[in-house]
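K.L.:
Got a predicted structure here, sequence first:
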Amino acid sequence: MVAELRLVTVTCQAEPREIGQSNHGLGHGTNCMIAQELIDQPPQVSARPSAVPILDDKDMLRAAVELTRDISAAKSAVYWPDMLGSAALGYAALAGAILQTDPLISVGLGVIAALALYRALLFIHELTHIHETALPGFRLVWNLLVGIPLLTPSLMYEGVHTLHHARTRYGTAEDPEYLPLALMKPWSLPLFIGIAMILPVALLVRSAVLVPLGVVIPPLRRMVWERASSLSINPDFRRRPPEGKFARMVTWQELGASLWAIFLIASAVVWDWHPLAIGLAVVSATAVLNQIRTLVAHLWANDGDAMTVTAQFLDSVDVPPSAMLTSALLTPLWAPVGLRYHATHHLLPSLPYHALGEAHRRISAHLGGTSTYAKASYPGLLPLIGKLARSTMKLG
């Protein structure tokens, strides 16, 4: 989210015909994997800011596909307890933070709520990659329990995130989730993080005011959809109108989010602002945490040219388990639901989150520590932030 309401943060199916078109109904079992698509194609060259071409590493792509065929199915026994447990813990801690009179205990419960709801919210990423028949009812229940109550229904990511994975769009001006942060000014990084703090208020105004007004003001409705209805960080991204089944899904999700947002504001006016203020603070913390994670999900070093899949992989980041105790304890908190393996995810976007760790172990063991695959692994959050900050300072 930069400069305007761009709410942050493809599987390798046929690319959407238009920017913003949904992939609803696609996912595990129907979409191919980017690595598989590239194996039998002639080598491609990626333009990079350094002007050093990066050819696709066919051995890595082939290994990624062949070594993970048996772990490609989403397991309901993992998804459901994880999502439901995270949501239950988050809401219980949030209720405690609201009801507790001791400020220190309230803050502690607020931190627990932020971390748990952050994990629950990040299942929105999985929804964009799983087929609707792989986990029956999961999308609906997630929206009812998490997406709509936190004013971030899945419509804000479905049909958007797939474009980030589209092979010819990653890192280009048509990628809604890419900014060349490593090539920007030093002040861009604190601004990138700080602007997430206002996200909950922006979401509340969007659903309670802008969406209802858009029902009677068509130009406003178009503007809200194009510019304030996607979890994207590219300020130039514009969504195309939803179509078909996805459009019907958008209708009920928008209705639910708007009714809930109006109720929150009305209850604060009639009864007490305290619960809403605590809730906004907790959601703000989750937004900042997600923005920090987004900051280190990639190296952000592409200047807009199309990239090979291998170049996209090397511009992405894995943070595998470390012997360092702090990293081992903290990484699952700031990069939950498989997002610590973001580079591997870009090789195998249809692989469920619970299989990414095993995929990383298999591919690493097969290719070795000097392979192209190993070059996308980094030791932790702070070294990655430092690397990005040094890059901006050189340019600043």
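P.N.:
Now that the structure is in, tell me what you want to look at.

K.L.:
hey, let's count contacts and neighbours off CA atoms from now on
P.N.:
Will do.

K.L.:
Give the next helix or strand downstream of the helix or strand of the chain with the lowest mean pLDDT.
P.N.:
None of the helices or strands of the chain scores lower by mean pLDDT, DSSP states H and E than strand 45-46, at a mean of 43. Using DSSP states H and E, the next helix or strand after strand 45-46 towards the C-terminus is strand 54-55.

K.L.:
so what does that following strand touch, helix or strand wise?
P.N.:
strand 45-46, helix 309-314 (3 or more CA pairs under 8 Å, 6 or more residues apart in numbering; DSSP states H and E).

K.L.:
what about the next helix-or-strand element following that strand, average pLDDT?
P.N.:
As assigned by DSSP H and E, the chain's next helix or strand after strand 54-55 is helix 58-66. Helix 58-66 shows an average pLDDT of 96 in the prediction.

K.L.:
which of the residues in helix 58-66 are buried?
P.N.:
Using 16 or more other CA atoms under 10 Å as the burial criterion, the residues of helix 58-66 that qualify are K58, M60, L61, R62, A63, A64, V65.

K.L.:
now stretch 313-330
P.N.:
Buried residues in stretch 313-330 (16+ other CA under 10 Å): F313, L314, D315, S316, V317, D318, V319, P320, P321, S327.

K.L.:
Just give the nearest non-adjacent residue to the first one, would you?
P.N.:
Pointing back at F313 there. A343 (5.3 Å; CA to CA, 6 or more residues apart in numbering).

K.L.:
what's the answer for the fifth one, then?
P.N.:
The shortest distance from V317 to any non-neighbouring residue, by CA to CA, 6+ apart, is to A343 (4.8 Å).

K.L.:
What is the neighbour count of that neighbour?
P.N.:
Using other CA atoms under 10 Å, A343 has 25 neighbouring residues.

K.L.:
Then R248?
P.N.:
Neighbour tally, R248, other CA under 10 Å: 11.

K.L.:
Of the helices and strands packed on strand 54-55, give the one that comes closest to I71.
P.N.:
helix 309-314 (20.5 Å; CA to CA).

K.L.:
In a markdown table: the buried residues of stretch 313-330, plus pLDDT and distance to E358.
P.N.:
Listed next are the buried residues of stretch 313-330 as a markdown table, based on pLDDT from 0 to 100; distance: CA to CA, whole Å:
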| residue | pLDDT | distance to E358 |
| --- | --- | --- |
| F313 | 96 | 18 |
| L314 | 95 | 20 |
| D315 | 96 | 22 |
| S316 | 96 | 18 |
| V317 | 97 | 16 |
| D318 | 97 | 13 |
| V319 | 95 | 14 |
| P320 | 93 | 11 |
| P321 | 89 | 12 |
| S327 | 73 | 19 |
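
K.L.:
immediately after the lengthiest helix in the chain, which helix or strand?
P.N.:
Longest helix of the chain, by residue count under DSSP state H: helix 244-270. Next helix or strand after helix 244-270 toward the C-terminus (DSSP H and E): helix 274-295.
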